[in-house]
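Q: output the structure for:
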Amino acid sequence: MTTKTGTKSERLPAADAGNAREYGIPDLVRDINGFLSSHLSQYGLIENIGRMIRKAIKNPKLLAPEHMAPRKDRYARNFLHKDPAGHFVVMSLVWGPSQGTPIHDHGTWGVMGVYRNELEAVNYKRLDDGSDEDYADLRETGSLVLGAGSLAWVLPPNEEIHLNRNGGDEPTITIHVYGKEITGYHKFDLATKRVTWYEIPKPS
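A: Numbering: from 1, shown residues only. Predicted coordinates:
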């Protein structure tokens, strides 16, 4: 997941939600709907939604306790909002110590903000042409630790292959907005260069 933004700014004003500490999920959903109706480019969406996520994660009362609870078996995925038309979802993810993802893609744009603690992101570039759906030759392009308040984003087809993991001793909480509900993804094996499809367990 990259942390840079597009060079061409397409910032739109968001509705006034009052003090940033009071900005919540309903405000975020309202503003995302406004950005989508403005027919922005995908980079424009990422930039504007990222601004609002950054505002939301300043709110210490953003999430209910059940949306901040870790799982023992895997990182927890919680729906905070599902757009009725399927245009986007808002989720909280809770990463226990040592929990993470395999190397994977998303198949849609997405923006993430770190709400509590920190998360490591490792990005990869595909070296092959993608013509063989079962094969991918990847090269790591960078690793960074994202602290609370940080943003990252993905955008297919060239800026989305990555893994995330919590290398700390405490749970990490992140807020995600995706351009669709993600029920599965391509999983990449760096050693064998094999690509497989993985069905994600249903979120809460």
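Q: for Val114, which residues make a bridge with it?
A: Taking DSSP bridges as the rule, Val114 bridges to Thr174.
Q: and the gap between it and Asp83?
A: Taking C-beta to C-beta, to the nearest Å as the measure, Val114 falls 23 Å from Asp83. All C-beta spots, glycine's among them, are computed from the backbone N, C-alpha and C.
Q: quick one: which of those two has more around it?
A: Neighbours were counted for Val114 and for Asp83 using other C-beta atoms under 10 Å; Val114 has more, 23 against 16.
Q: got the CA coordinates for the helix ranked longest in the chain in CSV?
A: Scanning the chain for the longest helix, with DSSP state H as the assignment, gives helix 42-56. The C-alpha coordinates for helix 42-56 follow below in CSV (Å, rounded to 0.1, in the frame of the first residue of the first chain):
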residue,chain,number,x,y,z
GLN,A,42,-9.9,7.4,-8.9
TYR,A,43,-6.9,9.4,-7.8
GLY,A,44,-9.3,12.2,-6.9
LEU,A,45,-11.4,9.8,-4.9
ILE,A,46,-8.4,8.5,-3.0
GLU,A,47,-7.2,12.0,-2.2
ASN,A,48,-10.5,13.3,-0.9
ILE,A,49,-11.5,10.1,1.0
GLY,A,50,-8.1,10.0,2.5
ARG,A,51,-8.6,13.6,3.9
MET,A,52,-11.8,12.5,5.5
ILE,A,53,-10.4,9.3,6.9
ARG,A,54,-7.5,11.3,8.5
LYS,A,55,-10.2,13.5,10.1
ALA,A,56,-12.2,10.5,11.3
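Q: contacting residues around that helix?
A: Helix 42-56 has contacts (C-beta atoms under 8 Å, 6 or more residues apart in numbering) with 5-6, 8-12, 14, 17, 20, 23-25, 27-28, 31-32, 35-36, 40, 62, 109, 111-113, 149, 151, 153, 155, 175, 177, 179.
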